[in-house]
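> No sequence on hand, only this structure:
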């Protein structure tokens with residue numbers, strides 16, 4: 001669920017702070033709207049590509065690529081000193097987190113299916129994670145930016161993205177024996 005909530009959290013924060021940052025750098029309503037329109041058009045192409053890649057090569061590839069890009073771009077959020085540069089960063093962040101949606105939702109559905117849970121539960125958990133992330137991202141980033149400035153919430157999001165990437169990496173390189181023990185078996189099964 002975290003892999004669904006994180007891009008939603010970033011998206012919520014970006015919708016609030018991206019607009020404020022662009023306005024702060026001199027962009028008007030038209031330029032801000034155009035920035036988010038460009039992001040939406042590119043996201044519409046990237047989402048299906050990430051989904052297909054995760055179906056063919058596994059869920060971790062697109063998720064890790066999206067997390068890497070999101071970490072870098074979120075960290076660079078405050079570096080642009082012109083509206084055009086900030087717009088490029090906003091679009092980049094939106095596209096990076098788009099790479100997470102399809103693989104994360106498919107992964108959650110697969111985990112629940114393996115457990116034997118009803119398919120509707122996956123939809124409910126995805127909606128819960130998405131809405132919780134949107135609320136936390138928009139309201140939380142707004143509140144935090146009032147106290148610390150508009151850059152801090154994006155740096156927090158970059159830290160969350162990096163921590164998630166490192167946790168996935170640690171999970172993927174865990175020795176085989178540890179994976180077997182985590183599943184509840186201390187020794188590998190022998191074929192019958």
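Arrived safely, thanks for sending. Since the model is a prediction, treat every value here as computed from it, not as a measurement.

> which stretches of this structure have low pLDDT?
For the chain, applying pLDDT under 70 flags the ranges 174-192.

> Which stretches in it count as helices?
With DSSP state H, the ranges of helices along the chain come out as 2-24, 29-57, 60-75, 83-115, 119-148, 152-172, 176-182.

> In JSON lines, list these along with mean neighbour count.
Backbone N, C-alpha and C define where each C-beta goes, glycine included. Converted to JSON lines, those look like this (neighbours: other Cβ atoms under 10 Å):
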{"stretch": "helix 2-24", "mean neighbour count": "22"}
{"stretch": "helix 29-57", "mean neighbour count": "15"}
{"stretch": "helix 60-75", "mean neighbour count": "21"}
{"stretch": "helix 83-115", "mean neighbour count": "20"}
{"stretch": "helix 119-148", "mean neighbour count": "16"}
{"stretch": "helix 152-172", "mean neighbour count": "17"}
{"stretch": "helix 176-182", "mean neighbour count": "11"}
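
> Quick check: the closest residue to residue 169 other than its chain neighbours vs residue 141, distance?
Spatially, and ignoring its direct neighbours in sequence, residue 169 is nearest to residue 64 (7.5 Å; Cβ to Cβ, 6 or more residues apart in numbering). In this structure, residue 64 and residue 141 are separated by 24 Å, where distance is defined by Cβ to Cβ, to the nearest Å.

> Centroid-nearest residue for this structure?
Most central residue of the chain, judged by C-alpha distance to the mean C-alpha position with Cα atoms, centre = their mean, is residue 7 at 2.8 Å.

> Surely that one is in contact with residue 104?
Yes - in this structure, residue 7 is within contact of residue 104 by Cβ atoms under 8 Å, at 7.3 Å.

> Identify the contacts common to these two.
In the contact map built from Cβ atoms under 8 Å, 6 or more residues apart in numbering, no residue is linked to both residue 7 and residue 104.

> hang on, the earlier thing: isn't the residue nearest to residue 169 right up against residue 165?
Yes - taking Cβ under 8 Å as the definition, residue 64 is a contact partner of residue 165 at 6.2 Å.

> contact partners of stretch 42-58?
61-63, 66, 91, 94-95, 98-103, 106-107.

> Show me which pair in these is furthest apart.
Of all pairs drawn from those, the widest gap by Cβ to Cβ lies between 91 and 107 and measures 25.8 Å.

> Not counting residues beside it along the chain, what's closest to the residue nearest to the centre of the chain?
Here the nearest residue to residue 7 in space, its sequence neighbours aside, is residue 97; by Cβ to Cβ, 6+ apart that works out to 3.8 Å.
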